[in-house]
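Asker: fold the following, please.
(one chain, ligands or ions: 2)
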Amino acid sequence: MEKQTVVSPQKHKFPRGWFVIGSSDEYKKGETKALKYFDQEIVAFRGEDNQVYLLDAYCPHLGAHLAHGGKVEGNTIRCPFHAWQFQGKDGKCIDVPYAKRIPRKACVRSWQVVERNGLILVWHDPDGGQPDYEIPILAEYGKSGWTPWHLDRRTIKTHPREIVENVADEAHFKVVHHLKEVSYFENIYENHTATQIMRGMGNHRPISTKATYYGPAYQVTWMQSLVESRLVNAHTPIDENSLHLWFGVMIQNEDFSEEDMVVIRKSLSHMGLPEEFVKSKENLDKIHQAIIQGTRQGYHEDVEIWEHKVYREVPLLCAGDGPIPKLRKWYSQFYQQPSAKTQRVINRESATADSVSDQL
Ligand code: FES
Ligand SMILES: [Fe+2]
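Answerer: Ligands and ions are numbered 1, 2, ... in the order given. Below you'll find the model as predicted:
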């Protein structure tokens with residue numbers, strides 16, 4: 001019997017990786033934003049080149065917060081206190097209006113940012129390492145035939161590791177999400193990605209999902225149920241006890257056949273919507289909203305659990321639980337530097353009762 005792997009972050013409070021810090025439209029040209037993530041104060045702004053820049057918030061001069069009164073000039077920001085000017089791209093001070101020479105050390109730390117799929121993401125590495133994986137382009141984003149993201153953000157009291165464990169948690173689907181049956185469940189751990197494949201039976205309809213984490217904090221789900229949909233789940237730690245949780249849904253913006261409408265009516269009335277609401281195809285937009293709302297509701301069923309649970313370093317597992325130890329081992333790579341990674345081996349495993357008991 002293999003000894004259970006227990007991985008808890010030792011050296012750092014938060015993992016290394018790409019983290020969502022909002023949607024593209026929240027970052028407007030010329031405006032500053034005060035952010036707090038990873039227990040650090042940060043200033044963000046979008047420059048005239050349309051790039052979003054992130055810098056440590058406190059000015060190296062006398063410590064003013066650059067987001068509170070700082071002025072964006074081109075692709076730089078000027079401190080609100082004595083007007084020192086810092087470049088967005090590298091945090092270097094390029095002007096002190098009242099001094100002939102700029103102090104050599106006049107610089108604030110800059111953070112790497114990427115804008116992808118309508119989201120802004122920042123690279124976090126407490127050891128200062130460079131990104132070693134990418135956030136892939138989602139083919140459906142911005143394409144005709146698909147709605148835009150319906151994105152919401154909430155602050156919840158938990159550590160991100162709790163959310164990530166959902167990948168391996170086979171046993172919660174029936175209890176938390178009221179699935180009648182889970183007919184197939186598989187986890188695939190491959191380098192920086194962790195994928196859950198699930199097929200089951202929901203209310204009135206089958207459901208199948210493929211959900212992939214790219215790194216420790218950004219997950220895309222391909223879901224086929226009432227309609228074809230894409231979900232994004234992302235979480236970014238504010239401090240050790242709380243995080244911002246984003247949940248986005250986009251659905252295929254199609255016209256429904258009469259046959260589909262029968263299923264849609266049943267499903268939506270199950271969600272408590274009045275019959276008239278789903279009577280005709282003219283209500284397409286409202287139907288979309290209702291589907292999105294229903295999907296979001298499903299996700300928030302998980303949130304209720306996360307907010308109130310404790311983390312078990314040594315959980316008491318049994319057959320049928322899913323490969324939670326394997327998930328924890330995969331997640332632990334984001335607390336190490338890439339050179340020390342032990343996760344380079346493709347590790348494909350079904351969470352059958354046998355494979356789970358092998359790990360215990
Ligand atoms: S505190 Fe920023 S310029 Fe003085
Ligand atoms: Fe869940």
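Asker: domain parsing for the chain?
Answerer: Domain assignment of the chain by automatic domain parsing yields the ranges 17-124, 150-340.
Asker: ok but residue 332 is inside a helix, no?
Answerer: Yes: under DSSP: H, G, I helix; E, B strand; the rest coil, residue 332 falls within a helix.
Asker: pull the contacting residues for residue 202.
Answerer: Counting by CB atoms under 8 Å, 6 or more residues apart in numbering, residue 202 touches 177-180, 225. In this view, the C-beta of every residue, glycine as well, is placed from N, C-alpha and C.
Asker: out of these, which are buried?
Answerer: 177, 179, 225 (16 or more other CB atoms under 10 Å).
Asker: closest to ligand 1 out of those?
Answerer: Lowest distance from ligand 1 to those (CB to the nearest ligand atom) belongs to residue 177, with 50.3 Å.
Asker: so how far is ligand 2 from that closest one?
Answerer: Taking CB to the ion, to the nearest Å as the measure, residue 177 falls 6 Å from ligand 2.
Asker: so that residue touches residue 297, yeah?
Answerer: No: Residue 177 is beyond contact range of residue 297, at 9.9 Å (criterion: CB atoms under 8 Å).
Asker: show me the shaky parts of the stretch 1-150 of the chain.
Answerer: Where the stretch 1-150 of the chain drops to pLDDT under 70, the residues are 1-10.
Asker: ok, the stretch 251-360 of the chain next?
Answerer: Ranges of the stretch 251-360 of the chain meeting pLDDT under 70: 255-256, 263-265, 267-284, 287, 339-360.
Asker: mind jotting down where the helices sit in the stretch 51-200 of the chain?
Answerer: Taking DSSP state H, counting those that start in this stretch to define them, one finds helices in the stretch 51-200 of the chain at 160-164, 172-176.
Asker: need those helices in TSV (columns: mean pLDDT).
Answerer: Formatted as TSV, the helices of the stretch 51-200 of the chain follow (pLDDT from 0 to 100):
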stretch	mean pLDDT
helix 160-164	93
helix 172-176	89
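Asker: any idea which of these is most buried?
Answerer: helix 160-164 (a mean of 21; mean count of other CB atoms under 10 Å).
Asker: what packs against that helix?
Answerer: Applying 3 or more CB pairs under 8 Å, 6 or more residues apart in numbering; DSSP states H and E, we find helix 160-164 packed against strand 228-239, strand 242-251, helix 284-308, helix 324-332.
Asker: is ligand 2 within reach of the second one?
Answerer: In this case it means strand 242-251. No: applying CB under 5 Å from the ion, one finds strand 242-251 separated from ligand 2 by no less than 11.4 Å.
Asker: near ligand 1, which residues of the chain are found?
Answerer: 59, 61-64, 79, 81-82, 84 (CB under 6 Å from any ligand atom).
Asker: leaving out sequence neighbours, find the closest residue to the residue of the stretch 151-300 of the chain found nearest ligand 2.
Answerer: Residue nearest to ligand 2 within the stretch 151-300 of the chain: residue 166 (4.8 Å; CB to the ion). Leaving aside its sequence neighbours, residue 166 sits nearest to residue 302 (CB to CB, 6 or more residues apart in numbering; 6.3 Å).
Asker: show me what contacts that neighbour?
Answerer: So residue 302 contacts 163, 166, 172, 176-177 (CB under 8 Å, 6+ apart).
Asker: distance check, the closest residue to residue 98 other than its chain neighbours against residue 60.
Answerer: Nearest non-adjacent residue to residue 98, counting by CB to CB, 6+ apart: residue 82, 7.4 Å away. Taking CB to CB, to the nearest Å as the measure, residue 82 falls 11 Å from residue 60.
Asker: the more surrounded of those two?
Answerer: For residue 82 versus residue 60, neighbours defined as other CB atoms under 10 Å are more numerous around residue 60 (17 against 14).
Asker: what distance do you get for that one to ligand 2?
Answerer: In terms of CB to the ion, residue 60 sits 44 Å off from ligand 2.
Asker: enumerate the residues of this protein near ligand 2.
Answerer: 166, 302.
Asker: give me every residue that touches the nearest residue to residue 28 once chain neighbours are set aside.
Answerer: Spatial nearest neighbour of residue 28, excluding adjacent residues (CB to CB, 6+ apart): residue 46 at 6.2 Å. Residue 46 makes contact with 27-31, 52-53, 72 under the criterion CB under 8 Å, 6+ apart.
Asker: pull out the buried residues from these.
Answerer: Neighbour-count burial within those applies to 27, 52-53, 72; the criterion is 16+ other CB under 10 Å.
Asker: test my guess that residue 216 contacts residue 336.
Answerer: No: Residue 216 is beyond contact range of residue 336, at 11.7 Å (criterion: CB under 8 Å).
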